[in-house]
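Enquirer: Fold the following.
(chains A and B)
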Protein chains: 2
Amino acid sequence: MVVGSVALDTVITPFGEAKDMLGGSAVYFSLAASLYAPVRFVGVVGDDFPEGAVDLLGSKGVDLAGLQRVPGKTFRWGGKYGYDLNQRDTLFTELNVFEQFRPDLPERYRDTRYVFLGNIDPALQASVLRQVLSPAIVAGDTMNFWIDLKHDELMDVVAKLDVLLLNDGEVRQMADEPNLLKAANIVLDRGPKSVVVKKGEHGAMMVLPSGCFFAPAFPLDSVIDPTGAGDSFAGGFMGYLASCRVPGEAALRGAIVHGSVVASFCVEDFGVNRLASLTMEEIEERVVEFKKLTTFDLGHREGVGSE
Amino acid sequence: MVVGSVALDTVITPFGEAKDMLGGSAVYFSLAASLYAPVRFVGVVGDDFPEGAVDLLGSKGVDLAGLQRVPGKTFRWGGKYGYDLNQRDTLFTELNVFEQFRPDLPERYRDTRYVFLGNIDPALQASVLRQVLSPAIVAGDTMNFWIDLKHDELMDVVAKLDVLLLNDGEVRQMADEPNLLKAANIVLDRGPKSVVVKKGEHGAMMVLPSGCFFAPAFPLDSVIDPTGAGDSFAGGFMGYLASCRVPGEAALRGAIVHGSVVASFCVEDFGVNRLASLTMEEIEERVVEFKKLTTFDLGHREGVGSE
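Expert: Presented below is the predicted three-dimensional model:
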């Protein structure tokens, strides 16, 4: 189950522009996670939302019982990327109906085992969590805005998470510490069972009480639109985890790799276009390549025992 | 064998300052590489160079027959790091005797099999290469200055290298391409058999015609002085390679890991202090941790065959 935003995104990149395309954290997450496991969706759209714009989600088997349609305008976001695609400027954020969003879970969602709390007001994240009976894994995301303005409410939610997903800047901000490893450990001390640090083109790091895991970003020679990379990472991550027999550390490591791979597909086309056509066969192929990219062994020195 | 700079470095960091301490690319390289294999040194110092300042190299078995002592002042470099240690400002660069350096190899160096051309004028790199009879592996480094001002001479050397080591900014500059993977492949097309991209705290990437390899930086919660990180990476890399039975792709991958590990020790103290006391046991211990940091397997999903 995912709770998060549904948006009409306007994106400007050096490779082209798109206006009012389907987007939002819950949408990217769902498209990614639905490749691995059934997804329950919680979100809100306005009465201006195009009929049929969520047909794509329905076609992937996403349960839309939790999608509210209310009077008013749908959440809109606009962003512009420069040529190196690492930096983006937010052109506008119109919360619209998202501002009054009160997530009410359909009765049949209450037994959900895998919960992803997208980047929304921490008070709403807490409210969603209260409505779920006995989750196995709860993961959550947030952003600089909530870290600044709703710090205490946010840290109450963070303490209850199995997995906190943040980008590197957010981890440093939350911990008020520039060293990333120190910062992640400071955040870990606040209660979550693990902290996953998304570093964009520099990969991802997971910090657990038992140690760390690193995965590079899958190397791409063509990045078209980075929008949704973090949310599709989260979707691949949670989807993989939900499909595992035991959600322990080995599964978490695999989940980081799958999250990275799904995100690598996401950014190869505008908006949700690539996720819409993505197959598990393509994912598995790239995961095998990923393994080759990162594998080394240590038995090559003369006079040193092989292992 | 290494040819490169010997310097008296002045370093200012938020954690302290040091004036006229032993430094330079050939020094950092030698201290790192000497943990793995015998090192032959080629460099120059002035007559102001403190007697005994190279005793440390001698004590590590480094062959100093190629160290010239000439009238004049020793090369001096000063740098200042900010609190996040990722950016540095060069305070001054006084080439002094380094400006007139003409590397002449002692006769007994001419059969050297593993050659590292540190960051010096490409014309001098070429001259060193002409003096070596039949090297097995030649690796080289450079910097933005030579890429701009001696482009053609540099590319002549680059074409002859087995391994070109650059940082990410230098690869982008050499290829005139912002995408790092594309840039590395453009550089690879210019002739070197492999391109190793050093990304500092974001790890290292190696690009070969047969594919890529990625290694993260070893995670550190305390970085004191980043000076020499790239050169000690190169020293660990070449030292490891020289100690391998076959310098093929598997050895190159191990070399990247060893380079990363040696560099991670280097930055934990000022100047060459940590390298001076470093042991192979400490390296091996951290290499095992490195393996744990990056290992994942893929057999955890329900209904998916284990591998």
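Enquirer: Quick check: residues of the stretch 101-250 of chain A near chain B?
Expert: A:178-182, A:185, A:199, A:201-203, A:205, A:211-216, A:219-223, A:240, A:243-246, A:250 (C-beta under 8 Å from any C-beta of the partner chain). Where you see a C-beta, it was placed from the backbone N, CA and C, and this is true even at glycine.
Enquirer: which ones among these are found in strands?
Expert: Among those, the members found in strands (DSSP state E) are A:205, A:211-215.
Enquirer: which one of those residues is nearest A:Gly236?
Expert: Closest approach between these and A:Gly236, by C-beta to C-beta: A:Ala215, at 11.8 Å.
Enquirer: Contacts only, for that closest one.
Expert: A:203-205, A:256-257, A:260, A:290, A:294, B:294, B:296 (C-beta atoms under 8 Å, 6 or more residues apart in numbering or on different chains).
Enquirer: so how far is A:Leu275 from it?
Expert: Noted for A:Ala215: a distance of 20 Å to A:Leu275, by C-beta to C-beta, to the nearest Å.
Enquirer: A:Phe237 now?
Expert: The gap separating A:Phe237 from A:Leu275 is 14 Å, by C-beta to C-beta.
Enquirer: The two - which one has more neighbours?
Expert: A:Phe237 (32 against 27; other C-beta atoms under 10 Å in any protein chain shown).
Enquirer: that's a helix at that one, yeah?
Expert: Yes - counting by DSSP: H, G, I helix; E, B strand; the rest coil, A:Phe237 is found in a helix.
Enquirer: Would you enumerate the residues in contact with it?
Expert: A:139, A:163, A:165, A:196, A:255-256, A:258-259.
Enquirer: One more pass at 7 Å, please.
Expert: A:255-256, A:258-259 (C-beta atoms under 7 Å, 6 or more residues apart in numbering or on different chains).
Enquirer: Please list the members of those that lie in helices.
Expert: Among the contacts of A:Phe237, the residues falling in helices (DSSP state H) are A:255-256, A:258-259.
Enquirer: quick revisit: and the contacts of A:Ala215, which two are furthest apart?
Expert: Most distant of the contacts of A:Ala215, by C-beta to C-beta, are A:Met205 and A:Phe290, 15.6 Å apart.
Enquirer: since we're on A:Asp111, how many residues are nearby?
Expert: 11.
Enquirer: Would you confirm that A:Asp20 belongs to a helix?
Expert: No - using three-state DSSP, the assignment for A:Asp20 is strand, not a helix.
Enquirer: pretty sure it contacts A:Ala7?
Expert: No - between A:Asp20 and A:Ala7 there is no contact under C-beta atoms under 7 Å: 9.3 Å.
Enquirer: which one of those two has more residues nearby?
Expert: It is A:Ala7, of A:Asp20 and A:Ala7, that has more neighbours when counted by other C-beta under 10 Å, with 28 against 15.
Enquirer: How about the more buried one: what's its closest non-neighbour residue?
Expert: A:Gly24 (3.7 Å; C-beta to C-beta, 6 or more residues apart in numbering or on different chains).
Enquirer: residues touching the residue nearest to A:Pro71 when sequence neighbours are not counted, list them.
Expert: Spatial nearest neighbour of A:Pro71, excluding adjacent residues (C-beta to C-beta, 6+ apart): A:Asp47 at 5.3 Å. By C-beta under 7 Å, 6+ apart, A:Asp47 lies in contact with A:69, A:71-72.
Enquirer: at 10 Å instead, please
Expert: Contacts for A:Asp47 (C-beta atoms under 10 Å, 6 or more residues apart in numbering or on different chains) come out as A:69-74, A:97.
Enquirer: Surely the residue nearest to A:Ala7 touches A:Thr74?
Expert: Yes - A:Gly24 is within contact range of A:Thr74, at 9.0 Å (criterion: C-beta atoms under 10 Å).
Enquirer: So for these two, which residues contact both of them?
Expert: By C-beta under 10 Å, 6+ apart, the residues touching both A:Gly24 and A:Thr74 are A:5-8, A:44-45, A:98.
Enquirer: And those residues, which is closest to chain B?
Expert: When those are compared for distance to chain B (C-beta to the nearest C-beta), A:Ala7 comes out closest, at 27.6 Å.
Enquirer: From A:Ala229, how far out is A:Ala217?
Expert: A:Ala217 sits 9 Å away from A:Ala229, going by C-beta to C-beta.
Enquirer: show me where pLDDT drops low in the stretch 151-300 of chain A?
Expert: For the stretch 151-300 of chain A, the stretches with pLDDT under 70 are A:299-300.
Enquirer: mind running it again at 80?
Expert: Residues of the stretch 151-300 of chain A meeting the criterion pLDDT under 80: A:298-300.
Enquirer: residue boundaries of the helices in it?
Expert: A:151-158, A:168-175, A:180-188, A:229-242, A:249-266, A:273-277, A:280-294 (DSSP state H, counting those that start in this stretch).
Enquirer: Specify the stretch among these that is closest to B:Phe265.
Expert: Using C-beta to C-beta, the nearest of these to B:Phe265 is helix A:180-188, at 15.7 Å.
Enquirer: anything in contact with each of A:Asp20 and A:Ala7?
Expert: With C-beta under 10 Å, 6+ apart, A:Asp20 and A:Ala7 have common neighbours A:74, A:76, A:78.
Enquirer: how far does stretch A:178-195 sit from the chain's center?
Expert: 18 Å (C-alpha atoms, centre = their mean, to the nearest Å).
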